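Dropping a prediction and its sequence here:
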Amino acid sequence: MESVVIFREGADAIKEAGGETFKLCFQCSLCATACPWNIVRSFIIPKMLRQAQFGLADFEDEGWWLCTTCGACVRRCPRGVEITDIMRAVRRIVTEWGTTPASLRSVAGSLGSMGNPLGEKQESRADWAKGLNVKEFTKGTECLYFPCCMPAYDPRLTDIARATTKILQQTGVNFSIFGPRENCCGESIRRAGNENLFQHLAKNNIEVFIENGVRKIITTSPHCYTTFKNEYPELGGNFAVIHFVEHLAGLLEGEKLNFTKELNKKVVYHDPCYLGRHNGIYDEPRKVLKSIPGLELIEFPEYRENSICCGGGGGRIWMETKKGERFADLKVEQAIELGADILVTACPYCIVNFKDSFLTVGKSEALEVRDISELVVSVLG
């Protein structure tokens, strides 16, 4: 009963915290049919929204923490209810009440003290670039390359940052990195409801960017891309932001990608939620992949706007998902059934989840998981 009483006090707070459209919901359930959770278990979004409308929802319900903010529900909603914003708003309220899941509290601690979610030393943030002759950003540099915390620290992903760097160097881009002077963009912790920590991380980055004359940012992660492009401006951080697949597509159009090798592989492309549904970037990665000599591009049964989420958004990358409920397992199984040699994407979170799925999905020995930058660098002259 106590949790219900508290939520009655917080019903209007959902609107104040950014979920003002939740009262528009008229229970058509189209969001439920779009939600990937309903592929693996029951997750009744309309019921939760209705309870919230009348102040009767239980703030301890695990459902508020399941949402990956993939955006599939928002795309289907005929009333324009920004369900992902509502989830973030509820999480923000719950976080302020101090009932955040333990795994997220640990990540928040690492972000607050070390500037990254993995708890790694700040001074080692640029270790991935050793031997590549990458300079630290100074005024007058054309572009800042921001690799994301995962490729910067996770040994499974550093090849993504290195491949991106090699392509930028080979195509004559004037770029540098900040390394130890940069923090996490703050995207995942904001989606998990910790607005104060997001603001702290974002303002620190914006201050460093402005002081050093950053004008253009190239990102590896769609999550960084979304945050820098769509959310930093509200805090005074106005920069030209492009995702690396956009940059690759531009290089292709400018005939600056010189492919000298063939990649005779069958490749299936996964649309990351924060690149696709959140930002509408679907054609660029496909144009790049189709341009690689010898590559055969195939598609998942659900792709582009209908792509099934990997399960890593909305802070879920830091939370445990039960066996049998992992969306990434479904995607890996589909890739195997399609006969793909390589499952390629353009998001570090997706790659982490797909690689983890190799531990639970059998018959995956012949399937590789790669970032699009890794494929491109492998066939460049």
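Perfect, thanks for sending it. Numbering: from 1, shown residues only.

Low-confidence stretches in the stretch 1-150 of the chain?
1-23, 44, 46-47, 49-59 (pLDDT under 70).

what ranges do the strands span in it?
143-146 (DSSP state E, counting those that start in this stretch).

quick one, helices of it?
For the stretch 1-150 of the chain, the helices defined by DSSP state H, counting those that start in this stretch occupy 2-16, 30-34, 37-40, 45-53, 72-76, 83-96, 102-114, 149-153.

now the top helix by length along the chain, how far from the centre of its chain.
Using DSSP state H to define each element, the chain has its longest helix at helix 195-211. Taking Cα atoms, centre = their mean, to the nearest Å, one finds the center of helix 195-211 at 19 Å from the center of the full chain.

Could you name the specific helix or strand carrying residue 344?
strand 342-345 (DSSP states H and E).

Then residue 242?
Residue-wise, residue 242 maps onto strand 240-243 under DSSP H and E.

Who are the packing partners of the helix or strand following that strand?
Counting by DSSP H and E, the element after strand 240-243 in chain order, helix or strand, is helix 244-253. Under the contact definition 3 or more Cβ pairs under 8 Å, 6 or more residues apart in numbering; DSSP states H and E, helix 244-253 sits against strand 216-219, helix 283-291, helix 372-379. Quick note: C-beta positions are derived from backbone N, CA and C, even for glycine.

ok, now with 6 Å
Counting contacts by 3 or more Cβ pairs under 6 Å, 6 or more residues apart in numbering; DSSP states H and E, helix 244-253 packs against helix 283-291.

The helix it packs on to helix 244-253, inter-axis angle?
For helix 283-291 against helix 244-253, the angle by axes from the mean of the first three to the mean of the last three Cα atoms, to 10 degrees is 50 degrees.

which parts of helix 283-291 are buried?
Neighbour counts over helix 283-291 (16 or more other Cβ atoms under 10 Å) mark 284-286, 288-289 as buried.

Counting by contacts, list what it packs against.
helix 244-253.

contacting residues around the helix it packs on?
For helix 244-253, the surrounding residues in contact (Cβ atoms under 6 Å, 6 or more residues apart in numbering) are 164, 171, 218, 220, 257, 284-285, 287-288, 291, 346.

After that helix, which helix or strand is next?
Next along the chain after helix 244-253, taking DSSP H and E as the criterion, comes strand 266-269.

Which residue is the nearest non-sequential neighbour of residue 32?
In this structure, residue 32 finds its nearest non-sequential neighbour in residue 45, 5.4 Å apart by Cβ to Cβ, 6 or more residues apart in numbering.

Residue 84 now?
With sequence-adjacent residues excluded and distances taken as Cβ to Cβ, 6+ apart, residue 84 is closest to residue 69, at 4.3 Å.

Could you pull up the residues touching the one you found?
Contacts of residue 69 by Cβ under 6 Å, 6+ apart are 84, 191, 313-314.

and what of residue 31?
The neighbourhood of residue 31, defined by Cβ under 6 Å, 6+ apart, consists of 45, 73, 76-77, 83.

farthest-separated two in the residues you listed?
Greatest spatial distance among the contacts of residue 31 (Cβ to Cβ): 45 and 76, at 10.7 Å.

Looking at the two, which one has more neighbours?
With neighbours defined as other Cβ atoms under 10 Å, residue 45 and residue 76 compare such that residue 45 has more, 26 against 17.

what's the spacing between the more buried one and residue 86?
Using Cβ to Cβ, to the nearest Å, residue 45 is found at 9 Å from residue 86.

Just list the residues touching the most centrally placed residue in the chain, thanks.
Centroid-nearest residue in the chain: residue 223, 3.7 Å away (criterion: Cα atoms, centre = their mean). Residues near residue 223 by Cβ under 6 Å, 6+ apart: 187, 274.

mind listing what the strand holding residue 242 pairs with, with the direction of each?
strand 216-219 (parallel) (DSSP bridges).

quick check: mean pLDDT across the partner strand?
In this model, strand 216-219 carries a mean pLDDT of 98.

Quick one: end-to-end length of stretch 227-246, please.
The first and last residues of stretch 227-246 sit 16 Å apart, counting by Cα to Cα, to the nearest Å.

Do I have it right that the residue nearest to residue 32 meets residue 30?
No - taking contacts as Cβ atoms under 6 Å, residue 45 lies outside contact range of residue 30: 9.8 Å.

So for the strand holding residue 242, what gets flagged as buried?
Within strand 240-243, the residues that count as buried by 16+ other Cβ under 10 Å are 241-243.

Also stretch 88-107?
Neighbour-count burial for stretch 88-107, counted by 16+ other Cβ under 10 Å, picks out 88-96, 100-101, 104, 107.

what's the distance between residue 218 and residue 255?
Note on residue 218: its distance to residue 255, by Cβ to Cβ, is 20 Å.

what does residue 104 give?
From residue 104 over to residue 255 the distance is 46 Å, taken as Cβ to Cβ.
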